[in-house]
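Colleague: got a predicted model here, sequence first, then my questions.
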Protein chains: 2
Amino acid sequence: MKVAELTIERLVQYRRLLETLKEEGYRVVSSQQIGDLLGIKASQVRKDLSYFGEIGKRGVGYHVGRLRDHIAEILASPKIWRIALAGVGNMGTALLSNPAFHTKKIRFEALFDADQRKIGRDISGIHCWNYTDIPSVMAYRGIEILILAVPAKAAQSCVDLAISSGVLRGVLALTQGPLVVPDEIFVVRVDIMAELEKLLFFLKQPISTGSVVP
Amino acid sequence: MKVAELTIERLVQYRRLLETLKEEGYRVVSSQQIGDLLGIKASQVRKDLSYFGEIGKRGVGYHVGRLRDHIAEILASPKIWRIALAGVGNMGTALLSNPAFHTKKIRFEALFDADQRKIGRDISGIHCWNYTDIPSVMAYRGIEILILAVPAKAAQSCVDLAISSGVLRGVLALTQGPLVVPDEIFVVRVDIMAELEKLLFFLKQPISTGSVVP
DNA sequence: TTTTGTGAAGTTTTTCACAGCG
DNA sequence: CGCTGTGAAAAACTTCACAAAA
């Protein structure tokens, strides 16, 4: 079975929404309600959920707790992923201090920075290394995932160092600019400035298409 | 002519790449080279660019400076957009201090926070107000765009306040969770945790599809 | 009756493949 | 010849519409 990236992104949203609904005491929810709350068509919600088996009750809807658990299982990790964060500036710190990142699926194993005042210290309980130590530390600790929150100019050299560790499998890049990596490394880019530019572009259009909550 | 959101996002990437190439002294570049550097097919690059007229030279490629200017014009703003930032935590500060946000297209007009230590002070040269002042400050200054970098629980009430100002047109939401807004408000969401979950999902798949640089 | 699950239809986006032009 | 621009084909994704189940 083949699952689209967009479906997975929506699945993450569904799960969070269901957690909220659960806290608020809802027991049952329909695809229509989920769709309205997330700005998605009900048929899209049902299609997404149907890829993973029948979980709703016809004429009733979905049981909030059960659906949440079902989605959690789809998204479940086979292990605790070891993660490194390169760049402990404001962006890096924002991630470290974001409660959503304190999940059992991942563990921050190392921080990397070029700032002498940070190197050698523990930040949020995680040791910060010089970025030149990326290959050895990642290899030694078996860190498969790198989050890149460094200045644009440093991004490529950081990934190159991480690739040379031989254990890197995925990158979450919060940096701007191109990033050249071998095909077997999975890269997900998050480019906030590009999203803002997109917003500006569509706002200047005479006929605003309206809300787009992907 | 109708332009897709994804095309605009790529256009932003092309422009940045061209700026880099220009600095490095390149005069001409082919769609193949652009594609290789950004992880995009050459045909996709040509298709994107063709929506806005013929700009390349057959048999030669694209003139770096000319193409950069051409794309800059497509993305150009009709005015300087007035922007407010709600949430001056690590994430908000990361944006404020990111050089990419110091563009002539936008001007930060106001900051909003709930922290008494920040309210009434200037941060990075911009005045920080209590978030309860969102409607009046936004209306008075004609702020059409709101960047949301507040904790998930505060997001909806911040947008509601911004909507009540009557001048809000677009939102860049860096917050998790659903956001209900009228159809005429354009919302762009950036959900870093969802992107990380997506990365984990695809890494656990037996057959990794490889690099995905959208 | 209500709401799911889903094949089929529709739409959008990407890729192909080649004519056309420097 | 090489590389763009672009219709046509293919692929991906979304929406429709309805049978089936509670």
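Modeller: Happy to help now that I have it. Numbers count the residues shown, from 1 in each chain, chains lettered A, B, ... in the order given.

Colleague: which parts of chain A are helices?
Modeller: With helices called from DSSP state H, chain A shows them at A:5-23, A:31-38, A:42-50, A:64-75, A:90-97, A:134-141, A:152-164, A:192-204.

Colleague: quick one: the longest one near DNA strand C?
Modeller: Right, helix A:5-23. No. Counting by Cβ under 7 Å from any atom of the strand, DNA strand C has no neighbours in helix A:5-23; the shortest distance is 10.4 Å. No exception for glycine: its C-beta is placed from N, CA and C like everyone else's.

Colleague: is chain B within reach of that helix?
Modeller: Yes. Using Cβ under 8 Å from any Cβ of the partner chain, helix A:5-23 reaches chain B at A:5, A:8-9, A:12-13, A:16-17, A:20.

Colleague: roughly how far apart are the nearest residue to residue A:193 once chain neighbours are set aside and residue A:86?
Modeller: Spatial nearest neighbour of residue A:193, excluding adjacent residues (Cβ to Cβ, 6 or more residues apart in numbering or on different chains): residue B:100 at 4.4 Å. Distance, residue B:100 to residue A:86, by Cβ to Cβ, to the nearest Å: 18 Å.

Colleague: and those two? which has more neighbours close in?
Modeller: Shown here are residue B:100 and residue A:86; by other Cβ atoms under 10 Å in any protein chain shown, residue A:86 has more neighbours (28 against 16).

Colleague: can you pull the contacts of the residue positioned nearest the centre of chain A?
Modeller: In chain A, the residue lying closest to the centroid (Cα atoms, centre = their mean) is residue A:172, at 7.5 Å. Applying Cβ atoms under 8 Å, 6 or more residues apart in numbering or on different chains, one finds that residue A:172 lies in contact with A:145-148, A:188, A:190, B:192, B:195-196, B:199.

Colleague: what about the nearest residue to it once chain neighbours are set aside, neighbour count?
Modeller: Spatial nearest neighbour of residue A:172, chain neighbours left out: residue A:147 (4.7 Å); criterion: Cβ to Cβ, 6+ apart. By other Cβ under 10 Å, the residues close to residue A:147 number 28.

Colleague: might you report the residue contacts of residue A:147?
Modeller: A:83-86, A:92, A:95, A:171-172, A:174, B:196.

Colleague: do you know how far it is from residue A:185?
Modeller: Counting by Cβ to Cβ - residue A:147 and residue A:185 are separated by 14 Å.

Colleague: mind checking the longest strand of chain A?
Modeller: strand A:106-113 (DSSP state E).

Colleague: any chance of the contacts of residue A:147 in TSV, with distance to DNA strand C and pLDDT too?
Modeller: What follows is those, written out as TSV (distance: Cβ to the nearest atom of the strand, whole Å; pLDDT from 0 to 100):
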residue	distance to DNA strand C	pLDDT
A:83	28	98
A:84	30	98
A:85	29	98
A:86	28	98
A:92	30	97
A:95	27	96
A:171	20	97
A:172	20	97
A:174	21	96
B:196	22	95
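
Colleague: quick check, nearest of the residues you listed to residue B:167?
Modeller: For the contacts of residue A:147, the minimum distance to residue B:167 (Cβ to Cβ) is 30.3 Å, reached by residue A:174.

Colleague: residue A:25 versus the closest one, what's the distance?
Modeller: Counting by Cβ to Cβ - residue A:174 and residue A:25 are separated by 36 Å.

Colleague: what's around the residue of chain A found nearest DNA strand C, how many residues?
Modeller: DNA strand C sits closest to residue A:59 of chain A, with a gap of 2.5 Å, by Cβ to the nearest atom of the strand. Neighbour count for residue A:59, taken as other Cβ under 10 Å: 5.
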